[in-house]
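Q: Attaching a predicted model along with its sequence, questions to come.
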Amino acid sequence: MIKVQPVYRAVLASALRASWREKSLWMWGLFAALIGNVGEYQVLFSAIEQVSNRGGVPLPLSFTADVPSATIQTASSLGHIFFQEPGSILFLFMTGAAIIAVAAFLIWLAMISVAALVRNAALVAASKPLTSSATTLAASRTTFAPLLVTFLFGKIVVWMLLALVALFAALAILDPYFGMPSFAVAFLLLIPTAIALSFIVRYMVSFIVLKKCSLVDALERSIVLLKAHWLVTLEMAALLGVVSVLVGALVLFIAWLFIVPTFIAAAVLWQLGFGAWGTIVGLIALVVLIVLLFFFAAWLATFQWTAWTMLYVRLTQRTKTVSKIVRVLSRFLPDRRFRLFRRA
């Protein structure tokens, strides 16, 4: 029988305590939430959607026929505006440049925030005091470029894999006899690959931030780490997915319990002729709703990145880590049957 200490109970409990006590991390969590999850949950949701409706026609294909005419019409309109109203073109360029600048700043801030969360989570795991925001910011700046490349690499490849699944799904609709087997094979191969890539990106972030690894070295180490602990990683992702669903349900419950009645009261005030009061009540409800969403987004991002970092720290140490499934089944079956699923 395999005798090891519990993995997820310790990791999740430590991450929960750290994310609640260290409220200074919520600022980093709020900005880290801008990039969302790395992709494992989006991959699962997309896979479920593809199976439920067999994909449908991918969005890019449905607009293919209209692209040439739309492009010609748009070019003609822009040319007319350029010669007739040059001031409008200048305004459009300035607006576009401002949007790009804001987007670039938010991307930079999100990458810095992820690095700050990972760095501070490692300090919590080592029972060390957190550094100041200025020190954390200065240390996180050096990892911006490799983290950006890592996230872009992960997102682009995952999108490409999901696009291939969508194409096979469209083929299954057009030719069920040939397309359905092809879609089944593509689904079984590409979806696990996309999920594995999302996990690799998770571990690459920790290797880059905590070990100062290069991109290639971080990729190699992450693949080795995932290969050794793929079942533990899957179970952790499942548990964090459950937490995300519960938090989302809690947000909906609070919204229905407090926010929705407030909007209804604002609408009633409008109907009774008290428009000013109705507007004030509606604005208060809207502000409370936005604050509520920001609060839960900041906490959830902080909790998830802290949990993944603490799991990474545990997996990279010399302690034996065995998945819950193996620990349960090993009570009834010989250990030699689980060599594929546990660390030697």
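A: Arrived safely, thanks for sending.

Q: ok, for A285, nearest residue in space, not its chain neighbours?
A: Closest residue in space to A285, ignoring its immediate chain neighbours: T262 at 3.8 Å, by CB to CB, 6 or more residues apart in numbering. All C-beta spots, glycine's among them, are computed from the backbone N, C-alpha and C.

Q: What is the strand or helix carrying that neighbour packed up against?
A: Secondary-structure assignment from DSSP states H and E places T262 in helix 260-271. Packed against helix 260-271 by the contact rule (3 or more CB pairs under 8 Å, 6 or more residues apart in numbering; DSSP states H and E) you find helix 275-316.

Q: what angle do the helix it packs on and helix 260-271 make?
A: Counting by axes from the mean of the first three to the mean of the last three CA atoms, to 10 degrees, helix 275-316 lies at 160 degrees to helix 260-271.

Q: So for the helix holding T262, mean pLDDT?
A: Averaging pLDDT along helix 260-271 yields 79.

Q: residue ranges with poor pLDDT in the stretch 201-344 of the chain?
A: 318-344 (pLDDT under 70).

Q: that older thread, what residues of the helix holding T262 count as buried?
A: T262, F263, A266, L269, W270 (16 or more other CB atoms under 10 Å).

Q: Please produce CSV containing those, extended by distance to V114.
A: Below are the buried residues of helix 260-271 laid out as CSV (distance: CB to CB, whole Å):
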residue, distance to V114
T262, 35
F263, 35
A266, 38
L269, 44
W270, 43
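
Q: just the residues you listed now: which is nearest V313?
A: Distance to V313, by CB to CB, is smallest for T262 among the buried residues of helix 260-271, at 43.7 Å.

Q: which residues of the chain fall in strands?
A: In the chain, no strands are defined using DSSP state E.

Q: any idea how far L106 is from the nearest residue to A298 once chain neighbours are set aside?
A: Nearest non-adjacent residue to A298, counting by CB to CB, 6+ apart: L30, 3.8 Å away. According to CB to CB, to the nearest Å, L30 stands 11 Å off from L106.

Q: quick one: which of the two has more around it?
A: Per other CB atoms under 10 Å, whichever of L30 and L106 has more neighbours is L30, with 19 against 13.

Q: can you pull the pLDDT of the more buried one?
A: pLDDT at L30 comes out at 87.

Q: if I look at it, how far off is R119?
A: Using CB to CB, L30 is found at 17 Å from R119.
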